[in-house]
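Undergrad: I'll drop the sequence and a predicted model, then ask my questions.
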Amino acid sequence: MKNCNLCPRNCNADRRNGQSGVCGVTGTGILAARAALHMWEEPCISGENGSGAVFFSGCPLRCIYCQNYHIAHAEVQKMITPERLADIFLELQEKNASNINLVTPTHYTPEIIWAVNRARERGLVLPIVYNCSGYEKVETLKNLEGIVDIYLTDFKYMDREIAARYSKAADYPEAAKAALAEMVRQIKEADFDRQGMMKRGVIVRHLLLPNHVKNAKSVVKYVYETYGDRVYLSLMNQYTPLVQVKDIPDLNRRVTEREYEKLVSYAISLGVTHGFIQEGKTAKESFIPEFNYEGLLP
């Protein structure tokens with residue numbers, strides 16, 4: 001943590017001595033907002049019991065439209081130790097979680113690796129899900145080989161200008177392509193149990209933004225033509241315009257049914273069969289969990 005370069009921002013921040021990078025996090029501890037069973041992931045991740053989701057505070061990407069804005073900016077946070085994180089993994093396993101779901105974990109990678117190994121020594125057998133923005137560094141991901149079983153990654157942009165406008169990361173497409181290649185190299189192919197729960201695999205999510213069907217189609221085209229059925233595509237229509245985008249006309253509305261239908265139809269026309277779509281009225285704030293420190297304290 002003396003010169004942190006865990007993500008593509010390469011901030012070189014001395015987090016150990018109180019300096020923060022883009023993620024907004026300092027120190028060597030772990031900041032989290034919630035650890036509980038979570039029912040709103042893909043069916044093969046949540047299942048009937050729920051995914052054991054640990055929501056970490058801070059984020060290296062910080063999209064302007066972030067659906068978890070308050071934790072991405074570390075406004076909601078509780079400090080825990082790596083030892084406590086290992087305890088949390090085991091407590092979620094005792095609650096019959098389907099897996100351990102690490103949400104926005106990138107900037108805590110060293111502590112997470114330690115905690116997973118510690119929990120496994122103490123009896124953790126659940127798959128580990130790395131739930132990230134896709135803005136990842138290959139060197140960091142390589143350290144997760146043998147730790148992570150399932151990569152649940154966003155692929156937000158194929159357009160550098162849009163990536164710069166909404167996430168201040170013009171290099172997002174290149175970073176996401178390289179990261180996804182490393183994820184697929186590690187996992188190779190998906191594996192499910194008899195109940196249809198994913199044990200190993202790569203799921204690529206794309207949250208459709210209003211007015212940006214073209215960008216979404218470009219993402220789907222790249223992922224499918226590059227990896228085919230080796231990865232699962234999850235096309236999401238649940239974008240919710242929150243207060244931070246009230247003055248951005250392109251983002252200050254929900255996705256229309258027509259926009260989402262265009263994206264799904266395009267994916268089908270390419271031949272995509274391994275994937276997930278959303279039905280019904282998913283774009284509502286009730287899909288955003290309450291970050292009230294549940295599950296963090298002993």
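TA: Perfect, thanks for sending it.

Undergrad: for the stretch 101-250 of the chain, what spans make up the strands?
TA: 128-132, 150-154, 191-192, 198-207, 232-236 (DSSP state E, counting those that start in this stretch).

Undergrad: Enumerate every residue touching Y222.
TA: Residues counted as contacts of Y222 (CB atoms under 8 Å, 6 or more residues apart in numbering) are 155, 158, 177. Heads up, the C-betas are built off the backbone N, CA and C, glycines and all.

Undergrad: show me what contacts the last one?
TA: This means K177. Y222.

Undergrad: so what's E182 up against?
TA: 136, 138, 141-142.

Undergrad: Now do it against T140, distance only.
TA: For E182, the distance to T140 (CB to CB, to the nearest Å) stands at 9 Å.

Undergrad: Quick check: closest non-adjacent residue to the residue most central in space within the chain.
TA: Against the mean C-alpha coordinate of the chain, by CA atoms, centre = their mean, the closest residue is C132 at 2.6 Å. Nearest non-adjacent residue to C132, counting by CB to CB, 6 or more residues apart in numbering: T153, 5.3 Å away.

Undergrad: what about A33, which SS state?
TA: What DSSP: H, G, I helix; E, B strand; the rest coil gives for A33 is strand.

Undergrad: measure G228 to K177 for me?
TA: G228 is 16 Å from K177, by CB to CB.

Undergrad: could you pull out the helices for this protein?
TA: For the chain, the helices defined by DSSP state H occupy 43-46, 69-72, 82-94, 109-121, 138-142, 160-167, 172-187, 213-227, 257-270.

Undergrad: and the helix or strand of the chain with the lowest mean pLDDT, how far from the chain's centre?
TA: Between all helices and strands in the chain, the lowest mean by mean pLDDT, DSSP states H and E belongs to helix 69-72, at a mean of 90. The chain centroid and the centroid of helix 69-72 are separated by 13 Å under CA atoms, centre = their mean, to the nearest Å.

Undergrad: Okay, buried residues for it please.
TA: 69, 71-72 (16 or more other CB atoms under 10 Å).

Undergrad: if we can go back for a sec, now the strands of the stretch 101-250 of the chain in JSON lines, with distance to E83 and mean pLDDT?
TA: Below are the strands of the stretch 101-250 of the chain laid out as JSON lines (distance: least, CB to CB, whole Å; pLDDT from 0 to 100):
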{"stretch": "strand 128-132", "distance to E83": "17", "mean pLDDT": "98"}
{"stretch": "strand 150-154", "distance to E83": "24", "mean pLDDT": "98"}
{"stretch": "strand 191-192", "distance to E83": "31", "mean pLDDT": "98"}
{"stretch": "strand 198-207", "distance to E83": "27", "mean pLDDT": "98"}
{"stretch": "strand 232-236", "distance to E83": "33", "mean pLDDT": "98"}
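
Undergrad: Kindly reformat these as JSON lines and extend each row with distance to R165.
TA: Converted to JSON lines, the strands of the stretch 101-250 of the chain look like this (distance: least, CB to CB, whole Å):
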{"stretch": "strand 128-132", "distance to R165": "21"}
{"stretch": "strand 150-154", "distance to R165": "17"}
{"stretch": "strand 191-192", "distance to R165": "38"}
{"stretch": "strand 198-207", "distance to R165": "16"}
{"stretch": "strand 232-236", "distance to R165": "20"}
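
Undergrad: Select, out of those, the one closest to Q244.
TA: Smallest distance to Q244 across these (CB to CB): 15.5 Å, for strand 198-207.

Undergrad: So what touches the closest one?
TA: 42, 44-45, 67, 99, 127, 134, 149-156, 180, 183-184, 187, 189-193, 216, 219-220, 223, 227, 230-236, 238-239, 276.

Undergrad: Dump that strand to CSV, restricted to CA.
TA: Only the C-alpha atoms of strand 198-207 are listed here, as CSV (Å, rounded to 0.1, in the frame of the first residue of the first chain):
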residue,chain,number,x,y,z
MET,A,198,-22.3,-21.7,-11.2
LYS,A,199,-19.2,-23.2,-9.6
ARG,A,200,-16.7,-21.7,-12.1
GLY,A,201,-17.1,-19.3,-14.9
VAL,A,202,-17.0,-15.8,-16.4
ILE,A,203,-20.1,-13.7,-16.6
VAL,A,204,-19.9,-10.4,-18.5
ARG,A,205,-22.4,-7.8,-17.5
HIS,A,206,-23.5,-4.8,-19.5
LEU,A,207,-25.8,-2.2,-17.9
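
Undergrad: So which bits of it are buried?
TA: Per 16+ other CB under 10 Å, strand 198-207 contains these buried residues: 198, 200-207.
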